[in-house]
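> pasted the sequence and its predicted model underneath.
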Amino acid sequence: MKCSDALPLLDLLNDGALDTKDSALVLDHISKCESCHAEQASNEYLRAKFVEAKSDTAVPADLMNRISGKLKDEERLVRLSPSSNKMRGLLALAACIALCAIPLTQSSFKSVSVAENHPSADSLIENATTTDHIELASNAEISQKVGYTIKKVNLPDWQLQRSGVFANDASTKIARFEFAPRANFQGKLTCYQAQQGTISANNGTLITIGDKQVRVGQHGNYSYGVWTQNERDYLFVSDLSLKELENVISKA
Amino acid sequence: MKFFRNRRKEFELATSPLLKDLYRMAYWRLGSAQDAEDVVQETYLRAYRSFDTFKTGTNLKAWMIRILLNVVNDTLAKRAKQPIILPMDEELEEVLTVEDQSSSAQDPAMNLTRNELHPDLMSALRQLPSTLLQPLLLRELEEMQYGDIATLLDIPVGTVMSRLFRARRIVKQKLTKGGFGGTEVMNYEVQ
């Protein structure tokens, strides 16, 4: 190997981008050639400088806290922004109250509920946004954890991200599955599955989707659909539009 | 993964381990701890705002670094439009004289400070135009593979290799010779 061949390969050698055979040839050349050996020594010197620089670059201790504070501010701003869905919903609600002067009771907001002594439907839907009361469990062990067999749901366009058991108290065990889209569209989907009679729907609109009688509605920024099928209650919650969610439910 | 209301926590959980990488990249790109902090904070804000566009399963670090480099470029472009007030400092005058010959002259953020880490290396890096500096930092500091650098910078792998070669050559010469300037080095910067 000549110097003109070896020199351009030194970088590749140092970056681990040369195959074994070429590496051996270059190393053999370096061992015999003084100028290439010197070039390689300067490469190693530079690499050592970067390693040192890298390890000496310390992140300011409170930087993450400051970033976290800014993100919280941003989160608050988005929530309070007149353009946010939540704010629009609140404004619409306020207008409704002002116009109708009808006192809204807490039960008016309940769209779906879990049987007595269990969390309200609002909590259950909003639970889709948190990890409160959730014990993570793999898909394989979840049936054992909830105490009933989990029925398979057909969601070809969605990929399971995480599963767990919602357990607000010892007697209510509901399986929860979180999905992300497989294809290039945005959205998130959380599916609850429970024994029949666990989740009941009081509000929303009852519609027929395929062979299912589904109570669908909007809760804040989320669409939901709840129905009973094959001795199981299902509750789907998503940031998709209601129409899109109905399409998902139709395939499920 | 946390959904909806916990989007912020989900984001922080996923991205906080990258803080060191991002800060390091910003520091060595800009040459200033304060600028690096500002850029990293802005990077996190921008990334949070567009976190919904991040595709699960793809390279989060590369996604964040791409945002960081955009923030750096925006910052430098904004500053380039602002008038620069030059302190009467002999050292800085010398630096600026050399900077005029390279693309780094367009980087007013790259101010040499007396407290900076490894001033010899920093000075050498300051001689590089951003087209050479970015791949070099991604390779040496972040240990990214050629293919990943190519994807991130949207250039062919062969270009990454040639830019790394040229960048290293310039930096090595600067480190071994010391001092600033030199037509030999500047010739390597011409593509």
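Nice, thanks for sending it over.

> where exactly do the helices run in the chain?
No chain was given, so I picked chain A. Remark: helices assigned in chain A by DSSP state H are A:3-14, A:20-32, A:34-56, A:63-80, A:85-100, A:121-127, A:142-146, A:242-251.

> wait, chain B
Under DSSP H, chain B gives helices at B:7-15, B:19-30, B:33-49, B:60-81, B:90-99, B:119-125, B:130-140, B:146-153, B:157-177, B:183-189.

> okay, and for chain B, where does confidence drop off?
B:1-5, B:81-116, B:178-191 (pLDDT under 70).

> same thing but 90
For chain B, the stretches with pLDDT under 90 are B:1-10, B:13, B:31-32, B:49-59, B:74-120, B:126-127, B:173-191.

> show me the residue at the heart of it, geometrically.
Centroid-nearest residue in chain B, with CA atoms, centre = their mean: residue B:29, separated by 2.7 Å.

> so for residue A:249, which of the helices of chain B sits nearest?
Between residue A:249 and the helices of chain B, the tightest spacing by CB to CB is seen for helix B:7-15, at 23.8 Å. For the C-beta atoms, the positions are set from N, CA and C on the backbone; glycine is no exception.

> return the set of buried residues in that closest one.
Within helix B:7-15, the residues that count as buried by 16 or more other CB atoms under 10 Å in any protein chain shown are B:7, B:8, B:10, B:11, B:12, B:14, B:15.

> one more: stretch B:157-171?
For stretch B:157-171, by 16+ other CB under 10 Å, it's B:159-171.

> same question for stretch B:58-72.
Neighbour counts over stretch B:58-72 (16+ other CB under 10 Å) mark B:60, B:61, B:62, B:63, B:64, B:65, B:66, B:67, B:68, B:69, B:71, B:72 as buried.

> could you do stretch A:161-178 as well?
Buried residues in stretch A:161-178 (16+ other CB under 10 Å): A:161-168, A:172-178.

> repeat that for stretch A:48-59.
For stretch A:48-59, burial by neighbour count (16+ other CB under 10 Å) applies to A:49, A:50, A:53, A:54, A:57, A:59.

> from residue B:163, how far off is the second one?
Read it as residue A:50. Distance, residue A:50 to residue B:163, using CB to CB, to the nearest Å: 16 Å.

> tell me the contacts of residue A:134?
With contact set as CB atoms under 8 Å, 6 or more residues apart in numbering or on different chains, residue A:134 has these partners: A:127, A:164, A:165, A:166, A:167, A:176.

> quickly list what it is bridged to.
Counting by DSSP bridges, residue A:134 forms beta bridges with residue A:166.

> surely residue A:213 and residue A:227 touch.
Yes - if you go by CB atoms under 8 Å, residue A:213 and residue A:227 touch, sitting 6.1 Å apart.

> higher neighbour count, these two?
Taking neighbours as other CB atoms under 10 Å in any protein chain shown, residue A:213 and residue A:227 compare with residue A:227 leading, 21 against 11.

> surely that one and residue A:208 touch.
No - applying CB under 8 Å, one finds residue A:227 not in contact with residue A:208, separated by 10.0 Å.

> what is in contact with those two at once?
In terms of CB under 8 Å, 6+ apart, residue A:227 and residue A:208 are both contacted by the residues residue A:214.

> which residues are in contact with stretch B:33-47?
Here stretch B:33-47 makes contact (CB under 8 Å, 6+ apart) with A:60, A:63, A:66-67, A:70-71, A:74, B:11, B:15, B:19, B:22-23, B:26-27, B:29-30, B:54, B:63-64, B:67-68, B:70-72, B:75, B:109, B:116.

> tell me the buried residues in that stretch?
By 16+ other CB under 10 Å, the buried positions in stretch B:33-47 come out as B:33, B:35-47.

> how far off centre is it?
Centre-to-centre, stretch B:33-47 and its host chain are 12 Å apart (CA atoms, centre = their mean, to the nearest Å).

> again, but for stretch B:61-79
Distance of stretch B:61-79 from its chain centroid, counting by CA atoms, centre = their mean, is 8 Å.

> for stretch A:223-242, same thing?
Between the centre of stretch A:223-242 and the centre of its chain there are 18 Å (CA atoms, centre = their mean).

> and the end-to-end length of that stretch?
Using CA to CA, to the nearest Å, the end-to-end distance of stretch A:223-242 comes to 5 Å.

> list the buried ones in it?
If you call a residue buried by 16+ other CB under 10 Å, then stretch A:223-242 has these buried ones: A:223-229, A:232-240, A:242.

> burial count for residue A:31?
For residue A:31, using other CB under 10 Å, the count is 10.

> against residue A:45, how distant is it?
Relative to residue A:45, residue A:31 is positioned 18 Å away (CB to CB).

> kindly report the same for residue A:135.
54 Å.

> do residue A:73 as well
Using CB to CB, residue A:73 is found at 46 Å from residue A:45.

> pLDDT value on residue A:97, please?
Here the pLDDT value assigned to residue A:97 is 60.

> how about residue A:155?
86.

> any idea how far it is from residue A:241?
Residue A:155 sits at a distance of 17 Å from residue A:241 (criterion: CB to CB).

> can you give me the neighbour number for residue A:138?
By other CB under 10 Å, 10 other residues sit near residue A:138.

> identify the residues contacting it.
residue A:163.

> pull up the per-residue confidence for it.
You'll see residue A:138 listed with a pLDDT of 77.

> same check, this time on residue A:47
pLDDT, residue A:47: 92.

> wait, it sits on residue B:140?
Yes - look at residue A:47 against residue B:140 with CB under 8 Å: they come within range, at 7.4 Å.

> with neighbour numbers in mind, choose between the two.
Set side by side, residue A:47 and residue B:140 show more neighbours around residue B:140, with 23 against 14, by other CB under 10 Å.

> any figure for the gap between that one and residue A:219?
In this view, residue B:140 and residue A:219 are 51 Å apart by CB to CB.

> go on, residue A:197?
In this view, residue A:197 and residue A:219 are 21 Å apart by CB to CB.

> residue A:33 now?
For residue A:33, the distance to residue A:219 - CB to CB - is 73 Å.

> pick out whichever of those two has more residues nearby.
residue A:219 (21 against 17).

> list the buried ones in stretch B:47-57?
B:47, B:48, B:51, B:54.

> in CSV: these, plus distance to residue A:23.
As requested, the buried residues of stretch B:47-57 are exported to CSV (distance: CB to CB, whole Å):
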residue, distance to residue A:23
B:47, 38
B:48, 43
B:51, 41
B:54, 37
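
> between those, which is closest to residue A:24?
Distance to residue A:24 across these (CB to CB) is lowest for residue B:54, with 42.0 Å.

> hmm, the closest one is touching residue B:63, no?
Yes - assessed by CB under 8 Å, residue B:54 is found in contact with residue B:63 at 5.7 Å.

> I appreciate the help and will end here.
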